[in-house]
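Trainee: quick check, what structure comes out for this input:
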Amino acid sequence: MDLESLTEATSGAIGALLSTSILYPLDTCKTKYQAEVRDHAQQKYRRLSDVLWEAISTGQVLSLYQGLGTKNLQSFISQFVYFYGYSYFKRLYLERSGTKSIGTRANLILAAAAGACTALVTQPLELASSRMQTSAFGKSKGLYETLTEGTWIEAFDGLGISLLLTSNPAIQYTVFDQLKSRLLMRQRSSKADTESSPEALPAFSAFVLGAVSKSIATCLTYPAIRCKVMIQAADVSEDGKDAQPKQSKTISGTLYSIWKREGLPGFFKGLHAQILKTVLSSALLLMIKEKITKTTWVLMLALQRSLLVTRSRLKSS
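Mentor: The predicted model follows:
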């Protein structure tokens, strides 16, 4: 059993679950704001706060949580798969290469590989979550209804750009790991025990490094992020109802639509909202992950020893 990878995956998944739940209303506002592509004179949401005000004025505040269950499921699975794959690929690389550290280029490649695995596994859930969030307030469908609206091929809408956006977490976690390793070098003490718990950052340090690393990754990849939101968003008509049938969206068509209606600034519409939400979410995730890593490690060791004892008793009997 790869305890280190399992510990990283479990800690990351729990961190994602908590951070997603805490910041979900902000995430809904951000997603609806990003999904709108109209001429400036016709825009419904001129500011991020307009989405929140619409929910309050129409008595649909609870609709800010529409799709929370699906988003939590997607976040938990995606972060578990990502952190497990990322940790596993790093350990495999170190074993095969015989080196004691991973360079920036190798780190980026390993993180991108883990991100690609994650996108393939969780794309239908991510698509369903985006459509629930961008549906008119109070009009969101359930997970099963959303996933069965079209064919299974349509359930993977946006997969291409999701694979392209594996560069986002690759940049984020590479920057985070590089900063983390340099910070830990100052406080690292020699440990002879091979089963000692993984080194962890203090909560505030993890929060700051998480915010910095995610800000850098978000700024570099934001045009693709907005394009992805547009592709996955629910088609909503002017009266607030979901439009039927849903029109097929392509990367080139979405990019052209943004350029035609909003020009170059359109590719960065909602950047501040994206940074606010994702930086807070990522920083919270990494802070929680770093704080519970040691506890998770101890629980994994206890579980492993319990399984070994059970196995030995079964063999002896």
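
Trainee: I figured G15 hits L286, correct?
Mentor: Yes: shown here, G15 and L286 form a contact pair, counting by C-beta atoms under 8 Å, at 6.9 Å. To be clear about C-beta, it is placed using only N, CA and C from the backbone, and glycine gets the same treatment.

Trainee: and for the two, which residues touch both?
Mentor: Shared contacts of G15 and L286, defined by C-beta atoms under 8 Å, 6 or more residues apart in numbering, are absent.

Trainee: and stretch 115-131, how far out from the chain's middle?
Mentor: 10 Å (C-alpha atoms, centre = their mean, to the nearest Å).

Trainee: got the buried residues for that stretch?
Mentor: Buried residues in stretch 115-131, defined by neighbour count with 16 or more other C-beta atoms under 10 Å: 115, 117-119, 121-131.

Trainee: swap in stretch 291-307?
Mentor: Going by 16+ other C-beta under 10 Å, stretch 291-307 has these buried residues: K291, I292, T293, K294, T296, W297, M300.

Trainee: what helix or strand is the residue lying closest to L68 once chain neighbours are set aside located in?
Mentor: In this structure, L68 finds its nearest non-sequential neighbour in Y24, 5.3 Å apart by C-beta to C-beta, 6 or more residues apart in numbering. Using DSSP states H and E, Y24 sits within helix 3-35.

Trainee: pLDDT (mean, whole number) over that helix?
Mentor: Mean pLDDT, helix 3-35: 86.

Trainee: kindly report the same for stretch 55-71.
Mentor: Mean predicted confidence for stretch 55-71 is 90.

Trainee: quick check: next helix or strand after the worst-scoring helix or strand of the chain on mean pLDDT?
Mentor: Within the chain, no helix or strand scores below helix 143-147, which has a mean of 80 by mean pLDDT, DSSP states H and E. Downstream of helix 143-147, the next assigned helix or strand under DSSP H and E is helix 159-164.

Trainee: give me the buried positions along that following helix.
Mentor: Of the residues in helix 159-164, L159, I161, S162, L164 count as buried by neighbour count, 16+ other C-beta under 10 Å.

Trainee: go on, stretch 252-259?
Mentor: T254, L255, I258.

Trainee: how far does it sit from its chain's centre?
Mentor: Distance of stretch 252-259 from the chain centroid (C-alpha atoms, centre = their mean) equals 24 Å.

Trainee: kindly format the C-alpha coordinates of that stretch as PDB.
Mentor: Taking Å, rounded to 0.1, in the frame of the first residue of the first chain, the C-alpha atoms of stretch 252-259 are listed here in PDB:
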ATOM      1  CA  SER A 252     -13.300  28.100 -31.800                       C
ATOM      2  CA  GLY A 253     -17.000  29.100 -31.800                       C
ATOM      3  CA  THR A 254     -16.900  30.200 -28.200                       C
ATOM      4  CA  LEU A 255     -13.700  32.200 -28.600                       C
ATOM      5  CA  TYR A 256     -15.100  33.900 -31.700                       C
ATOM      6  CA  SER A 257     -18.300  34.800 -29.800                       C
ATOM      7  CA  ILE A 258     -16.400  36.400 -26.900                       C
ATOM      8  CA  TRP A 259     -14.200  38.300 -29.400                       C
END
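
Trainee: can we start the residue count at 17 from this point?
Mentor: Shifting the count to begin at 17 puts that one at stretch 268-275.

Trainee: tell me where the model's unsure across this protein.
Mentor: Applying pLDDT under 70 to the chain flags residues 17-18, 54-58, 203-216, 251-264, 333.

Trainee: for the residue most central in space within it, grab phi and psi.
Mentor: Centroid-nearest residue in the chain, with C-alpha atoms, centre = their mean: S91, separated by 6.2 Å. Dihedral pair for S91: phi -60, psi -40, per degrees, to the nearest 10.

Trainee: right, and it touches L34 too?
Mentor: No: contact criterion C-beta under 8 Å: S91 and L34 do not qualify, at 9.6 Å.

Trainee: at which residues are the strands of the stretch 217-333 of the chain located?
Mentor: Read by DSSP state E, counting those that start in this stretch, the stretch 217-333 of the chain holds no strands at all.

Trainee: mind listing the helices for the stretch 217-333 of the chain?
Mentor: For the stretch 217-333 of the chain, the helices defined by DSSP state H, counting those that start in this stretch cover 219-248, 267-278, 287-332.

Trainee: and Q59, how far is that from G31?
Mentor: According to C-beta to C-beta, to the nearest Å, Q59 stands 35 Å off from G31.

Trainee: the more surrounded of the two?
Mentor: Between Q59 and G31, G31 has the larger neighbour count (other C-beta atoms under 10 Å), namely 28 against 16.

Trainee: roughly how far does the more buried one sit from A130?
Mentor: According to C-beta to C-beta, G31 stands 16 Å off from A130.

Trainee: can I get the helices of the stretch 217-333 of the chain in a markdown table including distance to W168?
Mentor: Shown next, in a markdown table, are those (distance: least, C-beta to C-beta, whole Å):
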| stretch | distance to W168 |
| --- | --- |
| helix 219-248 | 15 |
| helix 267-278 | 20 |
| helix 287-332 | 29 |
